[in-house]
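Below is the sequence, then the predicted model.
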Amino acid sequence: MMNLESYWPEILDVVRQKVAQQTFNTWFLPLEPESAAPEDMLVGCPNHFFMDWFSEHHLGILNEAGTHYFGKDISFGLKVKESTSPLPQDLLDSFPPIPLDDDEETGDRPGAARVVVEPRQPRSGGVYNLNPDYTFENFVVGSGTDLAFAAATAIAKNPGDRFNPLFVHGGVGLGKTHLMHAVGNEIARNWPHKKICYVTAETFMNDLIGSIRDNRTPEFKLKYRGMDVLLVDDVAFLAGKESTQEEFFHTFNALYDLKKQIVLTSDRSPKEITTLEERLRSRFEWGLITDIQAPNLETRIAILKRKVEVNNIYIPDDVIGYIAENITDNIRRLEGALIRLLAFASLTGREISLEMASEVLSSFFRGNSGGPVRIADVMEVVCKSHDVSVDQLKSKRRTQDLARARQLAMFLAREMTGASLNQIGRAFGGRDHSTVAHACQKIQKDIGADPRFRGSVRDLQERLRGKK
Ligand code: ADP
Ligand code: MG
């Protein structure tokens, strides 16, 4: 049977006719077919930056070309070429290299060891869904993460012993998922025979639903309850999903009783997860709860430098400083800025400088990824969640519920739209700026005092950012 490699040059030819030469050279030539079987349609990218950018901007064209070539719907999968992945050597050693055919094109990339590893497949002990790049070594410890990091390394040394479960919470893009994979990778390194499984709460639920549909619930139970380490990401997703909570509760108990390590993450603390069953909440609180917070400037710079180093690229210090100063609350966005810069540089052949960075990134820094939030968006979301109308929000009526919704909307407008107090006052039926200022202070105070309220405000903010 022929594999993708034999078709690859012709697929590239189709692409070549569709895109500019420069784009072709930069984004398509570096790809390598990786599939063992033709139906895999897997192509390798030189690094993660490349892969993220490619998937967002060029994968569509590749899929079109494949579809055109084969005359049926094709979607390619992407992976980072193994030879460039910064896997620790001993982890690499634990995967058997697969011999390559003699006539295979060896490529002229330096250091291309051409070892095929499949780290996402279970090994002898069983590592399920762990990302080998998310290690403790690749995690930059800073002021906002030192406690969580200390706890994570402690349980990786003694899984199931003291801090069980470990519950890590904090905002989006701050490294929760990374840390939890790092725990798994480290335990796998020290105890190759342990079974370690990473799932998101959503996957857990889908798995459960699928097992019910296919009459496989015993297998489902065996699978999760047979783990030595269970890493469950984004457990706030379980809120309001009663039967999934029920099943998760039993899984939790089974593992806990056997002293198996459980690690949970969430964008908020157990107390802030509304509509979580009390018995589950209390279990989440049995072990260690630690939060992670946005990194300070020094840490952001250190993180960028690490990314640059790991990916073998050069970016001047003043540019790194510029990015770190402008993105303060989300490391994923820090990385996004880097990708954008690198792509621009490679497309235009220009050297990366501060001037170029500000040209390329200023729009990226301004808005959230989904475009700016408008006051009207805020009103709409708040009205929906409080069951009031926009007209009521703008009116002079001051029933308690309405006043509350209005204050909250003003607060969110202030936090998220960049509008001034005066502009907000005007939008809310011509109110004075001091009224808006007062509303903001009041809500801020309540957020500090009431974790549940904080959780629901965060929900609204996320909805506004288009994350929900
Ligand atoms: P979360 O799960 O909190 O939303 P992730 O763990 O997915 O965040 O992190 C987002 C990205 O930022 C990942 O690529 C991760 O590797 C990177 N990252 C986050 N925190 C750090 C850190 N302290 N050091 C290095 N990289 C980090
Ligand atoms: Mg995450």
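All right, it came through fine. Residues are numbered from 1 along each chain as shown. Ligands and ions are numbered 1, 2, ... in the order given.

Spell out which parts of the protein neighbour ligand 1.
134, 138-140, 145, 172-178, 303, 306, 331-332, 335 (C-beta under 6 Å from any ligand atom). All C-beta atoms are positioned from the backbone trio N, CA, C, and that covers glycine.

do that again at 5 Å, thanks
When proximity is defined as C-beta under 5 Å from any ligand atom, the chain approaches ligand 1 at 139, 140, 172, 173, 174, 175, 176, 177, 178, 303, 331, 332.

could you dump these to CSV with pLDDT and distance to residue 40?
What follows is the residues of the chain next to ligand 1, written out as CSV (pLDDT from 0 to 100; distance: C-beta to C-beta, whole Å):
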residue, pLDDT, distance to residue 40
139, 95, 31
140, 95, 35
172, 90, 32
173, 92, 31
174, 94, 34
175, 95, 31
176, 97, 31
177, 97, 26
178, 96, 27
303, 94, 34
331, 92, 32
332, 89, 28
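
Report the two of these separated the most.
140 and 172 (17.7 Å; C-beta to C-beta).

neighbour-wise, which of these two wins?
residue 140 (19 against 15; other C-beta atoms under 10 Å).

Report whether the expected contact of the more buried one with residue 304 is present.
No: taking contacts as C-beta atoms under 8 Å, residue 140 lies outside contact range of residue 304: 9.2 Å.

Please give me every residue in contact with the closest residue to ligand 1 within the stretch 251-400 of the chain.
Scanning the stretch 251-400 of the chain for the residue nearest ligand 1 gives residue 331, at 3.6 Å (criterion: C-beta to the nearest ligand atom). Residues in contact with residue 331, defined by C-beta atoms under 8 Å, 6 or more residues apart in numbering, are 173, 174, 175, 295, 300, 303.

can you check residue 185 too?
Residue 185 neighbours (C-beta under 8 Å, 6+ apart): 91, 130, 132, 134, 135, 136.

same question, residue 202
Here residue 202 is in contact with 234, 237 (C-beta under 8 Å, 6+ apart).

Now find how far off-centre the host helix or strand of it is within its chain.
Assigned by DSSP states H and E, residue 202 belongs to helix 201-213. Centroid separation between helix 201-213 and its chain, computed with C-alpha atoms, centre = their mean, to the nearest Å, is 21 Å.

can you start the count at 656 instead of 1 from here on
Shifting the count to begin at 656 puts that one at helix 856-868.

Which parts of stretch 1046-1063 count as buried, going by neighbours?
1047, 1048, 1049, 1057, 1059, 1060, 1061, 1062, 1063 (16 or more other C-beta atoms under 10 Å).

Quick one: distance of that stretch to the chain centre.
Mean-position distance between stretch 1046-1063 and its chain equals 36 Å (C-alpha atoms, centre = their mean).

Please apply the same query to stretch 666-686.
Worked out by C-alpha atoms, centre = their mean, stretch 666-686 lies 29 Å from the chain centre.

Would you mind writing the CA trace of it as CSV?
Only the C-alpha atoms of stretch 666-686 are listed here, as CSV (Å, rounded to 0.1, in the frame of the first residue of the first chain):
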residue,chain,number,x,y,z
ILE,A,666,-0.5,17.5,-3.6
LEU,A,667,2.1,20.2,-3.1
ASP,A,668,1.8,20.9,-6.8
VAL,A,669,-1.8,21.6,-6.5
VAL,A,670,-1.1,24.0,-3.6
ARG,A,671,1.7,25.7,-5.6
GLN,A,672,-0.9,26.8,-8.1
LYS,A,673,-3.1,28.3,-5.5
VAL,A,674,-0.7,30.4,-3.3
ALA,A,675,2.0,32.9,-3.7
GLN,A,676,5.5,31.5,-4.1
GLN,A,677,6.7,33.2,-0.9
THR,A,678,3.9,31.6,1.1
PHE,A,679,4.5,28.3,-0.6
ASN,A,680,8.2,28.3,0.4
THR,A,681,7.6,29.5,3.9
TRP,A,682,4.6,27.4,4.9
PHE,A,683,4.3,24.4,2.6
LEU,A,684,7.9,23.3,1.8
PRO,A,685,8.8,22.7,5.4
LEU,A,686,5.9,20.2,5.8
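
outside of it, which residues touch it?
Under the contact criterion C-beta under 8 Å, 6+ apart, stretch 666-686 has outside partners 698-701, 705, 708-709, 712-713, 716-717, 719-721, 723-724, 1001-1002.

Could you do stretch 699-713 as well?
674, 678, 682-683, 685-689, 733-737, 739, 764, 788, 966-968, 990-991, 993-995, 997-998.

Which of those residues fall in helices?
678, 990, 991, 993, 994, 995, 997, 998 (DSSP state H).

Let me see the backbone angles for residue 921.
Reported as degrees, to the nearest 10, the phi and psi values for residue 921 are phi -170, psi 160.

for it, which residues make a bridge with it?
Note on residue 921: beta-bridge partners by DSSP bridges are residue 824.

contacting residues for it?
Contacts of residue 921 (C-beta under 8 Å, 6+ apart): 822, 823, 824, 831, 889, 890, 891, 928.

Equivalent analysis for residue 987, please.
If a contact means C-beta under 8 Å, 6+ apart, then residue 987 has 827, 828 as its contacts.

cool, residue 1035 as well?
residue 1045.

mean confidence score for the helix or strand harbouring it?
Residue 1035 belongs to helix 1030-1041 when assigned by DSSP H and E. Averaging the model's pLDDT scores along helix 1030-1041 yields 93.

could you point out which element follows it?
Next along from helix 1030-1041, by DSSP H and E: helix 1045-1049.

Counting by contacts, list what the next helix or strand after that next one packs against.
Downstream of helix 1045-1049, the first helix or strand assigned by DSSP H and E is helix 1055-1071. Contacts defined by 3 or more C-beta pairs under 8 Å, 6 or more residues apart in numbering; DSSP states H and E place helix 1055-1071 against helix 1030-1041, helix 1045-1049, helix 1076-1082, helix 1088-1104, helix 1106-1119.

what helices or strands is the third one leaning on?
So that's helix 1076-1082. helix 1030-1041, helix 1055-1071, helix 1088-1104.

before we move on, what about the shortest one?
With contacts taken as 3+ C-beta pairs under 8 Å, 6+ apart, helix 1045-1049 sits against helix 1030-1041, helix 1055-1071.

rewinding a little: would you mind writing the ChimeraX command to select the buried ones in the contacts of residue 921?
Buried residues among the contacts of residue 921 (16+ other C-beta under 10 Å), as a ChimeraX selection:
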select :822,823,824,831,889,890,891,928
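
in the stretch 856-1005 of the chain, which spans are helices?
Ranges of helices within the stretch 856-1005 of the chain are 856-868, 872-880, 897-912, 933-939, 952-965, 972-981, 986-1003, based on DSSP state H, counting those that start in this stretch.

Can I get the third one as PDB, trimmed to CA atoms?
I take that to be helix 897-912. Taking C-alpha atoms only, helix 897-912 is exported to PDB below (Å, rounded to 0.1, in the frame of the first residue of the first chain):
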ATOM      1  CA  GLU A 897     -25.900  16.200  37.300                       C
ATOM      2  CA  SER A 898     -25.400  12.700  36.000                       C
ATOM      3  CA  THR A 899     -21.900  13.400  35.000                       C
ATOM      4  CA  GLN A 900     -21.200  14.700  38.400                       C
ATOM      5  CA  GLU A 901     -22.700  11.600  39.900                       C
ATOM      6  CA  GLU A 902     -20.400   9.400  37.900                       C
ATOM      7  CA  PHE A 903     -17.400  11.600  38.500                       C
ATOM      8  CA  PHE A 904     -18.200  11.400  42.300                       C
ATOM      9  CA  HIS A 905     -18.000   7.600  42.200                       C
ATOM     10  CA  THR A 906     -14.800   7.700  40.100                       C
ATOM     11  CA  PHE A 907     -13.300  10.100  42.500                       C
ATOM     12  CA  ASN A 908     -14.200   8.000  45.500                       C
ATOM     13  CA  ALA A 909     -12.800   4.800  44.000                       C
ATOM     14  CA  LEU A 910      -9.500   6.400  43.200                       C
ATOM     15  CA  TYR A 911      -9.300   8.300  46.400                       C
ATOM     16  CA  ASP A 912      -9.900   5.200  48.500                       C
END
